[in-house]
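Colleague: Structure of the sequence below:
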Amino acid sequence: MADEDAGAQGGSPPTEARSPRKRGLWWAVLGVLLAVVALAAGIVLASGDGDDDESKVAGADKRVTTTAIPTISTPVTAPNASSGAGGGASGGGTKTTSPATNTATTAPSTATTAPATATAPPPNFVAFTSAVATPAVVHCEIGQPINVTISWTTRNATEVRLYTPTGQLMDPNGSVKFPPFNCSATLPARLDLFAKGPTGTASTTVYWSYEITNPPANAK
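Modeller: Below you'll find the model as predicted:
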């Protein structure tokens, strides 16, 4: 009996003692499996949401990229007449179309300003038609008496005055002889004439000169 009890104490545990331990191990394994399955399901769901987001983005990209692009029409360039004629003459050679070239040029402005044209006086204006001195060159010696005659003609004038507009009154056409005076290097050599008429006035100056044959020794 003692041996049996010793053998019973030192041998395998009874089956009833091992069963609860096995059941606890199985539950632990089952819990781990459930945790793994739950984790895998979470990953699948997360990846499914990501795929949905990517598909939405892709769909949005497709909608953006499929926006209609306006069509641009390109004008057709007419073929060059000379190229077509050359191709037909050569027996069906390759025809080339030359691009249209804009050869229009802007002509430089050639407008010029016409010179001012003098306005012709009215037909009834007052004027001197002639005014001369006789002689035009007076040859004399110092102290010699000389005479100079001034003659004039006018148009549309009623009077002529000498020296100034209010000077000595003369006829519209006439002459005046300077009184005799002695030849000198200081004699006057001009006379101013002024004509007046119903349509206006006019003036002129008559010149002459002296040529002294025996100038004084100190004359230059």
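Colleague: Could you pull out the strands in this structure for me?
Modeller: Ranges of strands within the chain are 127-134, 137-140, 145-146, 149-155, 159-162, 168-170, 174-177, 181-182, 190-197, 200-207, 209-212, based on DSSP state E.
Colleague: quick one, domains of the protein?
Modeller: For the chain, automatic domain parsing gives the domain ranges 24-60, 127-212.
Colleague: Flag whichever of the ones you listed has the least confidence on average.
Modeller: Lowest mean pLDDT within those: domain 24-60, at a mean of 73.
Colleague: before we move on, back to that, out of the strands of the chain, which comes closest to Leu33?
Modeller: strand 200-207 (137.8 Å; Cβ to Cβ). (C-beta placed from N, C-alpha, C; glycine too.)
Colleague: before we move on, the earlier item: from the domains of the chain, which stretch is densest packed?
Modeller: Mean neighbour count (mean count of other Cβ atoms under 10 Å) peaks for domain 127-212 among the domains of the chain, with a mean of 15.
Colleague: picking that back up, would you turn the domains of the chain into TSV with distance to Thr119?
Modeller: Listed next are those as TSV, based on distance: least, Cβ to Cβ, whole Å:
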stretch	distance to Thr119
domain 24-60	86
domain 127-212	14
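Colleague: re earlier: please tabulate the strands of the chain in CSV and include distance to Ala40 as additional columns.
Modeller: Shown next, in CSV, are those (distance: least, Cβ to Cβ, whole Å):
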stretch, distance to Ala40
strand 127-134, 130
strand 137-140, 143
strand 145-146, 152
strand 149-155, 134
strand 159-162, 139
strand 168-170, 144
strand 174-177, 146
strand 181-182, 152
strand 190-197, 134
strand 200-207, 128
strand 209-212, 140
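Colleague: so which of these gets nearest Ile43?
Modeller: Closest among these, using Cβ to Cβ: strand 200-207, at 122.3 Å.
Colleague: Direction included, what does that closest one pair against?
Modeller: Strand 200-207 has the following sheet partners, assigned by DSSP bridges: strand 190-197 (antiparallel).
Colleague: out of the domains of the chain, nearest to Thr117?
Modeller: Per Cβ to Cβ, nearest to Thr117 of the domains of the chain: domain 127-212, 19.7 Å.
Colleague: what distance separates the start and the end of the closest one?
Modeller: 34 Å (Cα to Cα, to the nearest Å).
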